[in-house]
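Participant: Got a predicted model here, sequence first, then my questions.
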Amino acid sequence: MAPPEGPRAPLEFGGPLGAAALLLLLPATMFHLLLAARSGPARLLGPPASLPGLEALWSPRALLLWLAWLGLQAALYLLPARKVAEGQELEDKSRLRYPINGFQALVLTALLVGLGVSAGLPLGALPEMLLPLAFVATLTAFIFSLFLYMKAQVAPVSALAPGGISGNPIYDFFLGRELNPRICFFDFKYFCELRPGLIGWVLINLALLVKEAELRGSPSLAMWLVNGFQLLYVGDALWHEEAILTTMDITHDGFGFMLAFGDIAWVPFTYSLQAQFLLRHPQPLGLPMASAICLINAIGYYIFRGANSQKNTFRKNPSDPRVAGLETISTATGRKLLVSGWWGMVRHPNYLGDLIMALAWSLPCGVSHLLPYFYLLYFTALLVHREARDERQCLQKYGLAWQEYCRRVPYRIVPYIY
Ligand SMILES: NC(=O)C1=CN([C@@H]2O[C@H](COP(=O)(O)OP(=O)(O)OC[C@H]3O[C@@H](n4cnc5c(N)ncnc54)[C@H](OP(=O)(O)O)[C@@H]3O)[C@@H](O)[C@H]2O)C=CC1
Ligand SMILES: CC(C)CCC[C@@H](C)[C@H]1CC=C2C3=C(CC[C@@]21C)[C@@]1(C)CC[C@H](O)C[C@@H]1CC3
């Protein structure tokens, strides 16, 4: 039986209490990680060596830099795009239009940063500003989420997301009420999901690499690997930008604190944790080990990209010769489900590839500390939870056909294990 949506839908994340706890816990975890990475013991569990005062968190320079960064990314978003894509059909049968120029934004940002550095911009000074930058990013996320919550009060009911209309203000503030908040062509959720956070993440990584070169004469092999792997991941996401239009974040979830904070603060400041750790805790890495780690990342990427591209190609055009020979199950909606190829191996092959890559990003940091493995642990929890949410939505959409798919493909993420 499909679960109900809307006001009677079961509340996620432990309901209002869980949402209230996460409002505090998520920023606290981010600051804990930032502090732990710069401390000698670099302990993931246990209190950080010292707590910063307000003077270490608040800096008008960091605020200016942060606003300039958001302004730059917003300006790049508004530049003419190579393509304008249509999103999924909405409740009122309309489709929104989205500019496909994320990769262009990455390249232009790289050019601007390159120009800035050659004109004397001290990129190596950025790592010292991470704490105040994370602080202003968190403040921005709170203020922005408040704006989104108020904007949703005057939005038509058809514009609201199914999950964020519980009526409890804390829960709805956390999950987000409006599905696609926009001002004219500027779509806030789509903009935040890929631009300031993801591009900010690789910029922070690069600054940490530059700082390491300043401190030790040249960047370490471990730092090169972490930078290279994560740049590939971000470049890939922006190159395939159109694919996020079918993710549950865009089609199902409201835009509230969880995604706003996740996109603009959590991603840049916690996803760069391995590079932050390496700056203060250099790790020796020989060529044979580095080659093995590159192989692990390549295998992860091969599965991740293969699975995502196979599904996207199939959804765009099921008769495309690359997917036409695959076995499928018909559903009552008219859409089909792939039951061979990557999607016949496990029900979320793309998650498996993503997790293998996450392991490869931590391995260059050695095995002496748990801290650089935080991303792998957090990401496993996120994907297990996400997989369960997606299963619920697919069961609701496809009913018996989904049950048949689960029978034919019994494992969720890891073959023969989970
Ligand atoms: N680094 C990070 O922090 C994060 C990364 N990711 C990554 O982003 C990518 C996108 O993930 P996500 O948005 O969760 O979802 P998916 O790309 O896995 O999409 C799930 C959807 O795919 C469709 N689908 C499921 N099974 C089949 C099948 N057998 N045949 C055809 N279509 C099927 C269904 O939608 P429908 O039928 O409507 O098309 C389902 O709702 C993943 O690679 C993930 O690893 C995700 C979250 C966080
Ligand atoms: C702060 C919370 C614990 C959770 C926040 C979740 C967000 C950080 C993620 C939700 C879905 C995401 C996706 C990506 C990045 C992380 C967030 C925003 C990608 C853009 C990463 C690159 C992939 O190729 C596509 C992903 C889509 C979903």
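Facilitator: Received it, and whenever you're ready, just let me know what you need. Ligands and ions are numbered 1, 2, ... in the order given.

Participant: and I100, how many residues sit next to it?
Facilitator: Applying other Cβ atoms under 10 Å, we find 17 other residues in the vicinity of I100. All C-beta spots, glycine's among them, are computed from the backbone N, C-alpha and C.

Participant: should've said L231
Facilitator: 16.

Participant: Confirm for me that it is in contact with N205.
Facilitator: Yes - with contact defined as Cβ atoms under 8 Å, L231 counts as touching N205 (7.4 Å).

Participant: in the helix or strand that contains L24, what's buried?
Facilitator: With secondary structure defined by DSSP states H and E, L24 is part of helix 15-38. For helix 15-38, the buried set under the neighbour-count rule, 16 or more other Cβ atoms under 10 Å, comprises 16, 18-20, 22-23, 26-27, 30-38.

Participant: close to ligand 1, is it?
Facilitator: No - contact of helix 15-38 with ligand 1 is not found when judged by Cβ under 6 Å from any ligand atom; the minimum separation is 13.5 Å.

Participant: Please compute how far that helix lies from its chain's middle.
Facilitator: Using Cα atoms, centre = their mean, to the nearest Å, the distance from the centre of helix 15-38 to the centre of the chain it belongs to is 17 Å.

Participant: How about stretch 129-146?
Facilitator: That offset, for stretch 129-146, works out to 17 Å (Cα atoms, centre = their mean).

Participant: Check whether it comes near ligand 2.
Facilitator: No - taking Cβ under 6 Å from any ligand atom as the criterion, stretch 129-146 and ligand 2 are apart, separated by no less than 9.6 Å.

Participant: For stretch 284-304, list the C-alpha coordinates in CSV.
Facilitator: As requested, C-alpha coordinates have been extracted for stretch 284-304 and formatted as CSV (Å, rounded to 0.1, in the frame of the first residue of the first chain):
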residue,chain,number,x,y,z
PRO,A,284,53.6,9.6,3.2
LEU,A,285,52.2,7.9,0.2
GLY,A,286,54.3,5.7,-2.2
LEU,A,287,53.6,5.3,-5.9
PRO,A,288,52.3,1.7,-5.6
MET,A,289,49.8,2.6,-3.0
ALA,A,290,48.8,5.8,-4.9
SER,A,291,48.3,3.7,-8.1
ALA,A,292,46.1,1.3,-6.1
ILE,A,293,44.0,4.2,-4.8
CYS,A,294,43.7,5.6,-8.3
LEU,A,295,42.4,2.2,-9.5
ILE,A,296,39.8,2.2,-6.7
ASN,A,297,38.6,5.7,-7.7
ALA,A,298,38.5,4.7,-11.4
ILE,A,299,36.4,1.6,-10.6
GLY,A,300,34.1,3.7,-8.4
TYR,A,301,33.7,6.4,-11.1
TYR,A,302,33.2,3.7,-13.8
ILE,A,303,30.3,2.2,-11.9
PHE,A,304,28.9,5.6,-10.8
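
Participant: Quickly check: that stretch near ligand 2 or not.
Facilitator: No - if you take Cβ under 6 Å from any ligand atom as the test, stretch 284-304 misses ligand 2, and the best it gets is 7.8 Å.

Participant: Return the set of buried residues in that stretch.
Facilitator: Taking 16+ other Cβ under 10 Å as the basis for neighbour counts, the residues of stretch 284-304 that come out buried are 285, 289-290, 293, 296-297, 300-301, 303-304.

Participant: next one: stretch 114-123
Facilitator: L123.

Participant: so how far does that stretch reach from one end to the other?
Facilitator: Stretch 114-123 stretches 10 Å from its first residue to its last (Cα to Cα, to the nearest Å).

Participant: what is the mean pLDDT for it?
Facilitator: Along stretch 114-123, the predicted local confidence has a mean pLDDT of 94.

Participant: now do stretch 369-379
Facilitator: If you average the pLDDT over stretch 369-379, you get 97.

Participant: same thing with stretch 99-108?
Facilitator: Across stretch 99-108, pLDDT averages out at 96.

Participant: what stretches of the stretch 1-150 of the chain score poorly on pLDDT?
Facilitator: Residues of the stretch 1-150 of the chain that meet the criterion pLDDT under 70 lie in 1-9.

Participant: What are the boundaries of the strands in it?
Facilitator: Read by DSSP state E, counting those that start in this stretch, the stretch 1-150 of the chain holds these strands, from start to end of the chain: 84-86, 97-99.

Participant: Next, the buried residues of the last one.
Facilitator: The one in question is strand 97-99. By 16+ other Cβ under 10 Å, the buried positions in strand 97-99 come out as 98-99.

Participant: Now do that strand: distance to the chain's middle.
Facilitator: Average the C-alpha atoms of strand 97-99, do the same for its chain, and the two points are 20 Å apart (Cα atoms, centre = their mean).

Participant: ok so, going back, please name every helix or strand in contact with the helix holding L24.
Facilitator: Under the contact definition 3 or more Cβ pairs under 8 Å, 6 or more residues apart in numbering; DSSP states H and E, helix 15-38 sits against helix 130-153, helix 169-175, helix 257-261, helix 267-270, helix 273-280.

Participant: Can you name every helix or strand that the shortest one contacts?
Facilitator: For helix 267-270, the packing partners by 3+ Cβ pairs under 8 Å, 6+ apart come out as helix 15-38, helix 130-153, helix 196-216, helix 374-398.

Participant: Comparing those, which comes out most buried?
Facilitator: Looking across the helices and strands packed on helix 267-270 with neighbours counted as mean count of other Cβ atoms under 10 Å, the highest average goes to helix 196-216: a mean of 21.

Participant: do the longest helix along the chain and ligand 1 meet at all?
Facilitator: Taking DSSP state H as the criterion, the chain has its longest helix at helix 287-316. Yes - with Cβ under 6 Å from any ligand atom as the threshold, helix 287-316 lies in contact with ligand 1, specifically through 304, 308, 311, 315.

Participant: and which of the buried residues of stretch 284-304 is nearest to Y149?
Facilitator: Among the buried residues of stretch 284-304, F304 lies closest to Y149 (Cβ to Cβ), at 34.2 Å.

Participant: quick one: contacts for the closest one?
Facilitator: Neighbouring residues of F304 by Cβ atoms under 8 Å, 6 or more residues apart in numbering: 350, 353-354, 356-357.

Participant: Could I get the phi/psi values of the residue lying closest to it once chain neighbours are set aside?
Facilitator: Nearest-residue entry for F304: G353, 3.0 Å, with adjacent residues in sequence omitted and distances by Cβ to Cβ, 6 or more residues apart in numbering. Here the main-chain torsion angles of G353 (degrees, to the nearest 10) amount to phi -60, psi -40.

Participant: tally of neighbours for G353?
Facilitator: Residue neighbour count, defined by other Cβ under 10 Å, stands at 21 for G353.
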